[in-house]
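**Q** got a structure for you, letters missing:
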């Protein structure tokens with residue numbers, strides 16, 4: 001039996017009917033048997049503040065533990081103002097502290113950006129990758145995943161379109177290989 005790797009999925013949108021959350025769920029369904037994807041919630045994290053990190057709130061501790069206990073990390077994010085949403089940046093900051101104790105370090109990662117616009121979250125995708133370099137997250141380079149026109153990805157019952165399924169399948173299959181390759 002092959003190793004099963006736990007993947008922390010960090011969704012950069014808090015919206016109830018988030019297209020990004022739907023894509024994250026679709027990826028979990030399409031994932032090969034050696035990956036177990038779990039969405040890690042970030043909406044309850046207080047804004048990062050080094051003063052309160054002296055005695056970290058429970059939300060910080062839980063989040064950091066969830067990331068540390070994962071074998072890999074997958075980011076699914078919209079684009080806000082050509083960058084990542086504030087809630088995602090906050091989660092990155094919370095997970096990277098205290099300095100020298102980053103929960104992200106060494107976790108094989110990937111980024112998929114999802115947007116109703118035509119550019120597919122290109123700015124957010126690349127801005128996030130810039131942070132991942134500093135955080136020592138080896139980030140999968142190919143296939144790149146910028147999904148534009150995301151309002152057409154799902155039908156009114158939330159089912160993924162057959163047109164999009166092959167791309168997401170290729171992405172998650174390649175990510176499984178990436179995760180396997182980068183295990184300690």
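**A** Sure thing, it's come through. Being a predicted model, the structure only gives us computed values, none of them experimental.
**Q** going forward, measure contacts between C-alpha atoms and count neighbours the same way
**A** Noted.
**Q** pLDDT-wise, which helix or strand of this structure ranks last?
**A** strand 146-147 (a mean of 92; mean pLDDT, DSSP states H and E).
**Q** what packs against that strand?
**A** Judged by 3 or more CA pairs under 8 Å, 6 or more residues apart in numbering; DSSP states H and E, strand 146-147 is in contact with strand 109-114.
**Q** Measure how far the strand it packs on is from the centre of its chain, please.
**A** Centroid separation for strand 109-114 versus its chain: 6 Å, with CA atoms, centre = their mean, to the nearest Å.
**Q** Tell me which other helices or strands that strand touches.
**A** Under the contact definition 3+ CA pairs under 8 Å, 6+ apart, strand 109-114 sits against helix 19-30, strand 72-77, helix 122-134, strand 146-147.
**Q** got the angle for it vs helix 122-134?
**A** Angle of strand 109-114 versus helix 122-134, following axes from the mean of the first three to the mean of the last three CA atoms, to 10 degrees, is 170 degrees.
**Q** what is the mean pLDDT for strand 109-114?
**A** Across strand 109-114, pLDDT averages out at 96.
**Q** If you count neighbours, what's buried in it?
**A** 109-114 (16 or more other CA atoms under 10 Å).
**Q** could the helices and strands packed on strand 109-114 be laid out in CSV, adding mean neighbour count?
**A** Converted to CSV, these look like this (neighbours: other CA atoms under 10 Å):
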stretch, mean neighbour count
helix 19-30, 20
strand 72-77, 26
helix 122-134, 18
strand 146-147, 23
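**Q** Can you lay out the ones you listed as a markdown table showing distance to residue 40?
**A** Formatted as a markdown table, the helices and strands packed on strand 109-114 follow (distance: least, CA to CA, whole Å):
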| stretch | distance to residue 40 |
| --- | --- |
| helix 19-30 | 11 |
| strand 72-77 | 10 |
| helix 122-134 | 17 |
| strand 146-147 | 21 |
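**Q** Among those, which comes closest to residue 103?
**A** strand 72-77 (10.5 Å; CA to CA).
**Q** Could you list every helix and strand in contact with the closest one?
**A** Contact partners of strand 72-77 among helices and strands, from 3+ CA pairs under 8 Å, 6+ apart: strand 5-11, helix 19-30, strand 109-114.
**Q** pLDDT of stretch 11-21, averaged?
**A** Here the average pLDDT along stretch 11-21 is 93.
**Q** And that stretch, how far out from the chain middle?
**A** 11 Å.
**Q** Could you list the buried residues of it?
**A** Neighbour-count burial for stretch 11-21, counted by 16+ other CA under 10 Å, picks out 11-13, 18-21.
**Q** what about it, how long is it end to end?
**A** Terminal residues of stretch 11-21 lie 6 Å apart, using CA to CA, to the nearest Å.
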